[in-house]
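In: just to be clear, the model below is a prediction. Sequence and coordinates:
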Amino acid sequence: MLSTDRSLPNTGHRYIPQITSLEVPPSPNQELMPLTAQVNSNNQLEIGGCELQLLVQQYGSPLYVLDEFTLRTACSQYRDSFATYYGGESLVIYASKAWSCMAVCRIIDSEGLGFDVVSGGELYTTLEAGVSKDKIYFHGNNKSAAELELAVEAGCTIMVDNWLELKTLTQIATDHSDIPVPIMIRLTPGIECHTHEYIRTGHLDSKFGFDPNQLEEVFAYLSQQSSISCIGLHAHIGSQIFERQPHQDLAVVLVDWLQKAQSYGLPVTTLNVGGGLGIRYTESDDPPSISEWVKAVSQAVEKACQETGLPLPRLIAEPGRSLIGSACVTAYTVGSRKEIPNFHTYVAVDGGMSDNPRPITYQSVYRAVIANRMSEPLTEEVTVAGKHCESGDVVIKKATLPKTEPGDILVVLDTGAYNYSMASNYNRIGRPAAVVVYEGEANLIIERETYHNLIERDRLPERLVKHE
Ligand code: LLP
């Protein structure tokens, strides 16, 4: 049983709900903290029953800390909500681009979800993690022939994005498969939504998917092929979306195209409505809960089917951020401090844009706490700076914190999605380690990159070797 103190002192944030075995846990995407977060009697932050400061002592800094309970809760909320609200068959697949590694794949596979992969590397990771082929869906707007061959040989479903891919795949399927290769067609639905322009994908001017004016020709082509079998349609409108309406509009567009595809005799019975549900990074973020989102999407598909007279399709949704985003925090160690009189104060940490490129890429805003000073008053507004040689390397522009000292553990919240997966070695800084925590136990799931790791794939041509 997990129990948490809702009124964590002096953090200034809406805090952690009480979780008992009798209650349904809150929707992880609506929380700032992982669901198991609590403050212990030493005023130290614990997640998954593990004290953050001790984790940093043991595994080093910076450190990604993944809360297994929160991740599993998000998986079960998606799964159970579809079972409750959708009258037909459904499958939730994890958009593994949010965080692809073996342990994450194992946890999510054990929850019965499928996987969206977008590269040979993500496909390989899921296969190595033991995910079965019928649960893997391979996306991408420029898959190589080698990636398509890997996908065909693995036996997963391929989400076809464009004409070149369709023609290449038809040939590969003819050469490499005795059975028709299952595919789905990705289309650009022409739906606008409010999110950062870099993470919008549903509008017509997008690099992803077939333009609507190509679709009838595509359906006609597919109806002539025996090496591939089109089982359904897919679209995804963007990421970190709080509105329900665009997802409901998408359902109508997809059901409409499903009907047209069926008129070409295609065996299309699956609709994939993409992902995109946002999470709460700051107090002012107010996303719908997982179950509210699932309910809205399910009802929209059901209504559109009723109106067109179509039987309910098998429904797939592919969330990434809302499954894993709120399940992880990044623990850094506080270092140098620069006070600019009458202006502001920089507090630097031992990571930054190489472990979390989202602030510099999308101007994303995060919240942080000081794990070893959870009961101290929040007396300062500071800028949390990274350690990279770039002025824009700021983790949090305005963080309200207690007075910090070098060595304190600064914990940035909600870093599960698109942090590790977009991490780099800028400035030849090794990527952090990651641990998974659960009921007081911590296990290493990704090793910290060493200096040796940073040079191990460098090669020196003989003429550049320094001979003493
Ligand atoms: N399906 C497709 C086809 C996608 O392209 C994506 C995300 C998803 C599903 C999952 O979307 P989600 O549920 O996570 O919103 N790096 C950016 C996010 C890029 C999203 C790319 N596609 C960020 O850090 O905000």
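Out: Nice, thanks for sending it over.
In: so V382, which of the three states?
Out: Under DSSP: H, G, I helix; E, B strand; the rest coil, V382 falls in the strand class.
In: what's the local residue count around it?
Out: Residues within reach of V382, counting by other CB atoms under 10 Å, total 21. Using the backbone N, CA and C atoms, a C-beta is placed for each residue, glycine as well.
In: also E192?
Out: Counted with other CB under 10 Å, E192 comes out at 13.
In: doesn't Q245 make contact with it?
Out: No - counting by CB atoms under 8 Å, E192 stays clear of Q245, with 10.6 Å between them.
In: what residues does the stretch 1-150 of the chain put near the ligand?
Out: Counting by CB under 6 Å from any ligand atom, the residues of the stretch 1-150 of the chain lying close to the ligand are A95, K97, A98, D116, H139.
In: and of those residues, the nearest to E339?
Out: The closest of these to E339 turns out to be A98 (CB to CB; 37.2 Å).
In: state the pLDDT value of the spatially most central residue of the chain.
Out: Closest to where the C-alpha atoms of the chain average out (CA atoms, centre = their mean) is A98, at 2.7 Å. The per-residue pLDDT reported for A98 equals 98.
In: any idea what sits nearest it, other than its immediate chain neighbours?
Out: G320 (3.3 Å; CB to CB, 6 or more residues apart in numbering).
In: surely the one you found meets S100?
Out: No - applying CB under 8 Å as the test, G320 and S100 come out as separate, 9.9 Å apart.
In: if we can go back for a sec, which of the residues of the stretch 1-150 of the chain next to the ligand sit farthest apart?
Out: A98 and H139 (13.0 Å).
In: mind listing the helices for the stretch 301-450 of the chain?
Out: 321-324, 358-362 (DSSP state H, counting those that start in this stretch).
In: between those, which one is closest to the ligand.
Out: Evaluated with CB to the nearest ligand atom, the helices of the stretch 301-450 of the chain place helix 321-324 nearest to the ligand, the distance being 3.6 Å.
In: buried ones in the closest one, by neighbour count?
Out: R321, S322, L323, I324 (16 or more other CB atoms under 10 Å).
In: find the nearest non-adjacent residue to V435, please.
Out: A442 (4.7 Å).
In: residues contacting that neighbour?
Out: Listed by CB atoms under 8 Å, 6 or more residues apart in numbering, the contact set of A442 reads G48, C50, L55, Q58, Y59, V65, V435, V436.
In: now, which of the residues you listed sits nearest E147?
Out: For the contacts of A442, the nearest to E147 is V436 (28.9 Å; CB to CB).
In: next up, the contacts around the closest one.
Out: Going by CB under 8 Å, 6+ apart, V436 touches G48, L66, D67, E68, A103, I107, A442, N443, I445.
In: related to what we said a few turns ago, can I get the helices of the stretch 301-450 of the chain in JSON lines with distance to Y346?
Out: Formatted as JSON lines, the helices of the stretch 301-450 of the chain follow (distance: least, CB to CB, whole Å):
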{"stretch": "helix 321-324", "distance to Y346": "29"}
{"stretch": "helix 358-362", "distance to Y346": "14"}
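In: so what's the residue count around whichever residue of the stretch 101-250 of the chain sits closest to the ligand?
Out: Residue nearest to the ligand within the stretch 101-250 of the chain (CB to the nearest ligand atom): S239, separated by 3.2 Å. Counted with other CB under 10 Å, the neighbours of S239 add up to 27.
In: wait, A368 sits on K398?
Out: No - the criterion here is CB under 8 Å, and A368 misses it with K398 at 10.6 Å.
In: who's more crowded, the two?
Out: A368 (22 against 11).
In: for burial, what's the neighbour tally of E128?
Out: E128 sits with 10 neighbouring residues when counted by other CB under 10 Å.
In: what do you get for A304?
Out: 22.
In: which residue sits closest to it in space, ignoring its chain neighbours?
Out: V255 (3.8 Å).
In: so after the helix or strand hosting the one you found, what's the next helix or strand?
Out: Following DSSP states H and E, one finds V255 within helix 245-263. Using DSSP H and E, the helix or strand that follows helix 245-263 in sequence is strand 270-272.
In: strands paired with that next one, and their directions?
Out: Looking at strand 270-272 with DSSP bridges, its partner strands are strand 228-234 (parallel), strand 314-317 (parallel).
In: which residues touch the closest residue to H234 other than its chain neighbours?
Out: Nearest residue to H234, sequence neighbours excluded (CB to CB, 6+ apart): N272, at 3.9 Å. Residues in contact with N272 (CB under 8 Å, 6+ apart) are I93, Y137, M159, M184, G232, L233, H234, A235, I316, A317, E318.
In: average pLDDT across the strand or helix carrying the fourth one?
Out: Using DSSP H and E, M184 maps to strand 181-186. Summarised as a single mean, pLDDT over strand 181-186 is 98.
In: that strand to strand 228-234, inter-axis angle?
Out: Put simply, strand 181-186 runs at 30 degrees to strand 228-234, going by axes from the mean of the first three to the mean of the last three CA atoms, to 10 degrees.
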